[in-house]
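1. give me a 3D structure for the following:
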Amino acid sequence: MRNKYLGWALLIAVLLFSIMGATLLSLSMGEVDIKLRDIVSILRSGSGMEHTILTQIRLPRILLAFSAGGALSLTGTILQGVYRNPLVEPYTLGISGGAVFGVTLTIVLGLHLSLGTFMLPLSGFLGAMMPICLVYFLSLKNHELNVNRMLLIGVMISFVASSAMMFLTSVTSTENMRNIIFWTMGSLDEPDGNLIRIMLFTSVAGLLVSIIYAQPLNALRLGEAKAKHLGVNAPVIIKILFFVSSMLTGICVSVVGVIGFVGLIIPHLTRLIIGNDFRITLIGSFLGGSLFLILCDILARTAIAPNELPIGVITGMAGGLVFILVLSRARIKSKMS
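-> Residues are numbered from 1 along each chain as shown. Alright, predicted model coming up:
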């Protein structure tokens, strides 16, 4: 038991040091290269072009990547535990489809031009809340949530929202179409510091809340019936975790757009490395998702510099390749054993 806890502590330490290393790398790399040894002195100077680049551009992106990557990965871990389905991810419940529809409607109607750019994340959040409410109320049966029904309703809502988005895209102008497509690919270029602080606070709060319910999640792996025999109030736990996951995903999508694969790949990799105990899997997934998105952001900014790739393109390509590689190696090892 003691060795297990020491292993967990070592893993968390490795992830934290890796995040610190990725942060320094992200601060130094970009269109304007900054030497690692000069970063501290530039930050202390309080003025200059390089200080502005670090504090106004790169550091906010790192904080957003840390919080969004952690939140999406954490949500994927929670939902896969609740549904007992390794293919479930944060966008399965139609949340991303609703958010994209809300943003698309705002762009087509020009509300972001008349009411301000804050309308885009607001409309994305409101759009994300609509499928959440629909999934919740349509899945209630005898005051309990049916997880299989939730999954099916979420998938159908996602299809409907995506179809509505494509219809609006097909009848709007070329400029609006370009803005819609860019938003759906995800971006960490967020100038509003308040939104970044909200994202950071929400992701950390979601992690702390989910850790409280780590043991009930372990029990839910055995099924709702067996969890009840172990003293877990399964319906209440499922409702709480559904609400936490939905809020995290809704805020993520509204601030950074649709960033796929993070909530699917990182929970898988975390379980392959450290096992299925949610007491460490939740923390490991959060830190792993943060590290993954920070590294993807570095690649997105530097791959075709001075131009920038959408972060969703990088997460899809890098995440998919890493996932296939890990599964292939795991299959080879199982055959050898």
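2. low-confidence stretches in the stretch 151-300 of the chain?
-> Low-confidence segments of the stretch 151-300 of the chain (pLDDT under 70): none present.
3. so which residues of it form helices?
-> 174-184, 193-212, 214-220, 224-229, 234-256, 262-274, 278-302 (DSSP state H, counting those that start in this stretch).
4. tell me what the third one is packed against?
-> Spelled out, that is helix 214-220. helix 59-83, helix 224-229, helix 234-256, helix 278-302 (3 or more C-beta pairs under 8 Å, 6 or more residues apart in numbering; DSSP states H and E). All C-beta spots, glycine's among them, are computed from the backbone N, C-alpha and C.
5. buried deepest among the helices of the stretch 151-300 of the chain, which one?
-> Greatest average neighbour count among the helices of the stretch 151-300 of the chain goes to helix 278-302 (a mean of 25), per mean count of other C-beta atoms under 10 Å.
6. chain center to stretch 164-174, what's the gap?
-> 26 Å (C-alpha atoms, centre = their mean, to the nearest Å).
7. swap in stretch 241-250?
-> In terms of C-alpha atoms, centre = their mean, the centre of stretch 241-250 is set 11 Å apart from its chain centre.
8. with stretch 236-244 instead?
-> The answer for stretch 236-244 is 18 Å, by C-alpha atoms, centre = their mean.
9. quick one: the residue most central in space within the chain from residue 95, how far?
-> Geometric centre of the chain, nearest residue: residue 72, 2.1 Å, by C-alpha atoms, centre = their mean. Applying C-beta to C-beta, to the nearest Å, the value for residue 72 to residue 95 is 11 Å.
10. what sits in contact with each of those two?
-> Common neighbours of residue 72 and residue 95, using C-beta atoms under 8 Å, 6 or more residues apart in numbering, are residue 249.
11. so which bits of stretch 17-37 are buried?
-> Going by neighbour count (16 or more other C-beta atoms under 10 Å), the buried part of stretch 17-37 is 18-19, 22-23, 26-30, 34.
12. and the least confident of these?
-> Taken together, the buried residues of stretch 17-37 show their lowest pLDDT at residue 30, with 80.
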